[in-house]
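K.L.:
The following block contains a protein sequence and its predicted model.
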Amino acid sequence: MALHPDRLLPIEPDARTIARRLYGQVAGLPILSPHGHTDPRWYAEDAPFPDPATLFVKPDHYITRMLYSQGVRLEALGISSRDGTAVETDGRKIWRLFAQHWYLFRGTPSRLWFEHSLESGFGITERLAPDNADRLYDEIAAALERPEFRPRALYDRFNIEAISTTDSATDALDAHQAIRASGWKGRVLPAYRPDAVVDADRADFRTEVRRLLDLTGQPATWDGYLTAHRERRAFFKSLGATSTDHGHPTARTADLDRAEAQALFTRLLAGPAAPEDAELFRAQMLTEMARMSLEDGLTMQIHPGSYRNHNPALFTRFGPDVGADIPRQTSYVEALKPLLDAVGNEPDLTIVLFTLDETAFSRELAPLAGHYPVLRLGPPWWFLDSPEGMRRFRELATETAGFYNTVGFNDDTRAYLSIPARHDMARRVDCACLARLVADHRLDEEEAAETAVDLAYNLAKRAYKL
Amino acid sequence: MALHPDRLLPIEPDARTIARRLYGQVAGLPILSPHGHTDPRWYAEDAPFPDPATLFVKPDHYITRMLYSQGVRLEALGISSRDGTAVETDGRKIWRLFAQHWYLFRGTPSRLWFEHSLESGFGITERLAPDNADRLYDEIAAALERPEFRPRALYDRFNIEAISTTDSATDALDAHQAIRASGWKGRVLPAYRPDAVVDADRADFRTEVRRLLDLTGQPATWDGYLTAHRERRAFFKSLGATSTDHGHPTARTADLDRAEAQALFTRLLAGPAAPEDAELFRAQMLTEMARMSLEDGLTMQIHPGSYRNHNPALFTRFGPDVGADIPRQTSYVEALKPLLDAVGNEPDLTIVLFTLDETAFSRELAPLAGHYPVLRLGPPWWFLDSPEGMRRFRELATETAGFYNTVGFNDDTRAYLSIPARHDMARRVDCACLARLVADHRLDEEEAAETAVDLAYNLAKRAYKL
Amino acid sequence: MALHPDRLLPIEPDARTIARRLYGQVAGLPILSPHGHTDPRWYAEDAPFPDPATLFVKPDHYITRMLYSQGVRLEALGISSRDGTAVETDGRKIWRLFAQHWYLFRGTPSRLWFEHSLESGFGITERLAPDNADRLYDEIAAALERPEFRPRALYDRFNIEAISTTDSATDALDAHQAIRASGWKGRVLPAYRPDAVVDADRADFRTEVRRLLDLTGQPATWDGYLTAHRERRAFFKSLGATSTDHGHPTARTADLDRAEAQALFTRLLAGPAAPEDAELFRAQMLTEMARMSLEDGLTMQIHPGSYRNHNPALFTRFGPDVGADIPRQTSYVEALKPLLDAVGNEPDLTIVLFTLDETAFSRELAPLAGHYPVLRLGPPWWFLDSPEGMRRFRELATETAGFYNTVGFNDDTRAYLSIPARHDMARRVDCACLARLVADHRLDEEEAAETAVDLAYNLAKRAYKL
């Protein structure tokens, strides 16, 4: 089952030949990973990764959700429960369970990422199955002990040029400071993700706001709160941050006057948030964050549309991020208007929009990004970061927004080993799309080649100021 | 116009060759038809089918709606009017009218099903047209008089292994009892469809509930009503039922406490239902039915999203099911939450979700089915049970839910002759999809072959416990 | 970069060969343009077009929006500001700016239309670029001075058989009268577009209604207002109109009784409209217009779903139609019901529905058009009048509505030079779709050929009574 050199390229021979040439120009480009969730301590400490199950199975919600959907209990996968109930701790047993269910991933991107990781990372070209599970486990476990599988060595092997992590507003960024202090030449950048101090629906909102204010010595006023954000952003920027990230349930924005905003903030600090107040505050904060981006130049990312922790039984038992976040319908046209009315025409601001609702690509997002100077379209995200999802994105968005209102690829992952696989997939799918345009004579190959390089490298560099 | 052996397979030669091999492995598998609308009396009585127009034109709302949309009056198609106005009774005249408009079906699945039925059923390989209409009518009419065209003979010829009908909660299931008593070995199973006693928006709701309570000797209380359902489900199960079916306007569910539910039930029995009460009662009953499925093991099917009888003039004149049911936007994420909160994590319950709104496949349904153990995705249904609809379903759902959170094909038809054609279409389209994954190296052919058999046979067998 | 004869045809050789044959049958058919925005004065006055920038850049909102989205100021493109601020007046400078950003249009239909126009209109087969911008400007500018580039000569060269303009209800249609008086044989028809006297959200609504009433000598009553519409429609019809056109924010319709309608009309004339009143009045007027179409035979077009002038800063400075109209979610099933209840089953009325929300094609529009005799589907419109948009339209709509509930192509443009390019694109994409159906044996080639001619010519002729 060795990886085929033409995987994901067009089936039709003429288009495949063109796609091969295009892919040849981008396959070796450095990786820019401006949005993701790797742990900065990995790079700071450069410690070996633990066993194969902890590396590949437990932290990957694409993997755990699929297994759970087919009756595998999360305890059996070693996911820690909050109540301290015993969970499986034997990585080998978890790995066997994974191998036994590996057929479930046929037709999914997880399948492709995993096999790419096994082959390019460990030289394994067998398909995982119950009868080779133990042997592969041993091979991977042995490799992980070798120096070339430490995080920094992998950074070099993966040809990463820059990678962003995602960090809470109140994070001290110790790991980032340690990386800088170490003298290592890898470029690991924080990104400012203030959701915990912006989303009043969270149980810990008031605690987190208090922590933010304490950290910056600001009073519990609207102005103090905004100043605290400004200071934290400056601190993030001093450690290399070039972007902020905002994960909201909806794309709603608002532009309240100062008195209204102060009153709203006061209500939220006083006690449990009314749902409409929480939504309005998130909405207002998107506009405030956009204004601050105008000041400090951080590229702003908006990720709306996920219904977080949809399964309360699992949330109670295992906490967030175990596969129960479900997309929902998301609309942008009226939701973004207050923000766009305020800053939509600014030439020096970049706001990257993401969606979990594909219907918005041709109907709303491409027309918006194809008009407003501040808007760019993020790549297909979460559930859509797949060959068909990426293909549909290009087909739905390009005719209205073009290629140049998009920002290249984000791997958006905490699965470090899969990063080269994910970027490779995106490059292949984009080259396949471009090759089809060349093959039916909508684009000349020399233009396609230039565009392929832009999609794989230049657009991310420009949008995220890397 | 003989059927081409490669119809619906990929155009590209390499993929077509792979698809042919995959299709070769599933073409001859028995048919499992776990959801449909054939009349159980056909199998009980085994009487000849009447004339060609009554067989092919009058009962097929795909046919009558298209003809009506182009100005053909339903009277001229022999659709009985409620007011007793004269309608065409000459099957030959209806057939001629159909032949004259046959070109309207270019590009539609009806075209493919009909021609498959003509060729495989009657050996007819000419395209229907005004100038051969009479001759084809005579050929079919003559064939229908022969024993091999009786329902039971066709059951064998079609290689059906099991077929479900859809039956009202208060149905005595006489035909099903007669089939069992006859000693015939065909497996015709009832399915419990309680809409008439659940949907308080229907004019006959109170009459139907009364009938249900009388039939089971239960009092007109919420508890009595639930017990009545339990008894009828047990009765259906005793005659082979393995599933229930619920056709609701929306996917809304609720989980009221007992007192609220009793009060709601009392209000509904007292008089005309307020729209919100009717919606809430349907919502509550989905959760109750799910709980009963947990007890009795019947697989539960939810079919939301049809605006029934959208055309009041036609409804008044001809009643339901004449082609004026129109899909509408359907959302699942919040709608299903009360039901999922109650039973979503049960390992032994299967709930099959259908949609008429394709946008839900990648955004809501695949993420839900790719997480909750109880959920499976039904095949593309009504309006979407077509080559492009099926292809889009696989492209939109597989990357997130995989193949194994789906349940194979449902023909969902009352057009008995078209059943083999419909299953053949689904098998071809699925093999085409799998072949494309093999051709661009996302899947190995041996896995694709195993999956093809699962999609054509095993998944339905498992999900519907056949 | 000469246009390739196979552009937009299928990549796969067998399908391409079929598509070539189909295209060969329609490539030379006359153009019917039943919906568009060319200026009738062009045909009346037959004056030369001005410079290349005024012809290709300034009036094309597809061009200006894309340039604006990438930071080009509208002033620099010569778009007149309302406040009289200086804008660029040198066509050559605008053209250079356009050339410099031409790469932005890769993968967009604008690219294909422009290059088709350059090659077929001016014999230019070079790609526009900064280094040939001046030379191409000169070539085009020189050509525009020649008689064969005058509007009437182009009408003949483009092989136009009939073309509709779009005209306000109160327009005197001077240009149309002049065309008729001139004895020129070109067929330029007005279309009745009463939005300005129907949409009470517009600042000039009351002025426009007053003008309509004055023009027809009608009193300011509901009946007087309806009579005024009838008279204007008759006037338009006397000058060749065969259709009306209605651009509304939503597809909502209503069917108020006369007293309610009179009261609503009175409220709207009395002062600023409440948003709900304005929406209800637009809704009511769609039903009234449908009733009038039943009387006078004008084909009715409904174009819902655009959020007009989304960018207030640009609107204030440059007015409408500069690229800030954004589509939004549009639903039809409940919205159209009042109108359909009133006239949906009429055999002699044709209502053409358009959408900016593709999700409605398979879910709502194809089922509606595949049932109601009055409904037909308009071609993919605005943002969707592109190769992928057209392909998706056929894939999403045909299986339910067939080909014969659609109405052929509308170019919908004010860019006269692009009309042949747009029709050619539609013909190619439709032939590609048909060829794929032939290649995978869903349709015979002789039927596909007949259908291709219907899509390119006959369906528009019939639906618009040309």
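P.N.:
Ah, there it is.
K.L.:
Close to chain C: what parts of the stretch 201-350 of chain A are there?
P.N.:
Proximity of the stretch 201-350 of chain A to chain C is confined to A:Ser331, A:Val333, A:Glu334, A:Lys337, A:Leu340, A:Asp341, A:Gly344, A:Asn345, A:Pro347 under the rule Cβ under 8 Å from any Cβ of the partner chain. (Each C-beta comes from the backbone N, C-alpha and C, glycine too.)
K.L.:
residue contacts, the closest residue to the second one other than its chain neighbours?
P.N.:
Counting by Cβ to Cβ, 6 or more residues apart in numbering or on different chains, C:Arg328 is the residue found nearest to A:Val333 once chain neighbours are left out, at 4.5 Å. For C:Arg328, the residues meeting the contact criterion (Cβ atoms under 8 Å, 6 or more residues apart in numbering or on different chains) are A:Ser331, A:Val333, A:Glu334, A:Arg363, A:Glu364, C:Gly305, C:Ser306, C:Tyr307, C:Leu356, C:Asp357.
K.L.:
ditto for A:Ile140
P.N.:
Contacts of A:Ile140 (Cβ under 8 Å, 6+ apart): A:Pro52, A:Leu55, A:Leu118, A:Phe122, A:Ile124.
K.L.:
What number of residues are in the vicinity of the third one?
P.N.:
This points to A:Leu118. 24 (other Cβ atoms under 10 Å in any protein chain shown).
K.L.:
what do you get for the first one?
P.N.:
Residue neighbour count, defined by other Cβ under 10 Å, stands at 25 for A:Pro52.
K.L.:
ditto for the second one
P.N.:
If you count neighbours by other Cβ under 10 Å, A:Leu55 ends up with 21.
K.L.:
Mind checking the pLDDT average for the helix or strand that contains it?
P.N.:
Applying DSSP states H and E as the criterion places A:Leu55 in helix A:52-56. Helix A:52-56 shows a mean pLDDT of 94.
K.L.:
Tell me the helices and strands packed up against it.
P.N.:
If contacts are counted by 3 or more Cβ pairs under 8 Å, 6 or more residues apart in numbering or on different chains; DSSP states H and E, helix A:52-56 sits against helix A:91-100, helix A:133-144.
K.L.:
What parts of the stretch 351-466 of chain A come near chain B?
P.N.:
Going by Cβ under 8 Å from any Cβ, the residues of the stretch 351-466 of chain A near chain B are A:Leu356, A:Asp357, A:Glu358, A:Thr359, A:Phe383, A:Leu384, A:Ser386, A:Pro387, A:Glu388, A:Gly389, A:Arg392.
K.L.:
Could you double-check that the last one sits in contact with A:Ser362?
P.N.:
No. Counting by Cβ atoms under 8 Å, no contact exists between A:Arg392 and A:Ser362, whose distance comes to 9.5 Å.
K.L.:
For the two, indicate the residue with more neighbours.
P.N.:
The residue with more neighbours, out of A:Arg392 and A:Ser362, is A:Ser362; 29 against 22, by other Cβ under 10 Å.
K.L.:
tally of neighbours for A:Leu173?
P.N.:
A:Leu173 has 21 nearby residues by other Cβ under 10 Å.
K.L.:
same deal with A:Thr89?
P.N.:
Counted with other Cβ under 10 Å, A:Thr89 comes out at 10.
K.L.:
ditto for A:Glu119
P.N.:
Neighbours of A:Glu119 (other Cβ under 10 Å): 16.
K.L.:
Same question for A:Gly297.
P.N.:
15.
K.L.:
Can you give me every residue that contacts it?
P.N.:
Contacts of A:Gly297 by Cβ under 8 Å, 6+ apart are A:Asp348, A:Lys465.
K.L.:
Got the phi and psi for it?
P.N.:
The phi and psi values for A:Gly297, taken as degrees, to the nearest 10, are phi 80, psi 0.
K.L.:
distance of it from A:Gly378?
P.N.:
18 Å (Cβ to Cβ, to the nearest Å).
K.L.:
Repeat that for A:Asp90.
P.N.:
From A:Asp90 to A:Gly378 the distance is 39 Å (Cβ to Cβ).
K.L.:
Which one of the two is surrounded by more residues?
P.N.:
Taking neighbours as other Cβ under 10 Å, A:Asp90 and A:Gly378 compare with A:Gly378 leading, 25 against 11.
K.L.:
just checking, the more buried one touches A:Leu356?
P.N.:
No. Counting by Cβ under 8 Å, A:Gly378 sits too far from A:Leu356 to count as a contact (11.1 Å).
K.L.:
which residues in the stretch 351-466 of chain A form strands?
P.N.:
Using DSSP state E, counting those that start in this stretch, the strands assigned to the stretch 351-466 of chain A run over residues A:351-353, A:375-377.
K.L.:
name the helices or strands packed onto the first one?
P.N.:
Put plainly, it is strand A:351-353. Judged by 3+ Cβ pairs under 8 Å, 6+ apart, strand A:351-353 is in contact with strand A:299-304, strand A:375-377.
K.L.:
Direction included, what does it pair up with?
P.N.:
strand A:299-304 (parallel), strand A:375-377 (parallel) (DSSP bridges).
K.L.:
Understood, closing this out.
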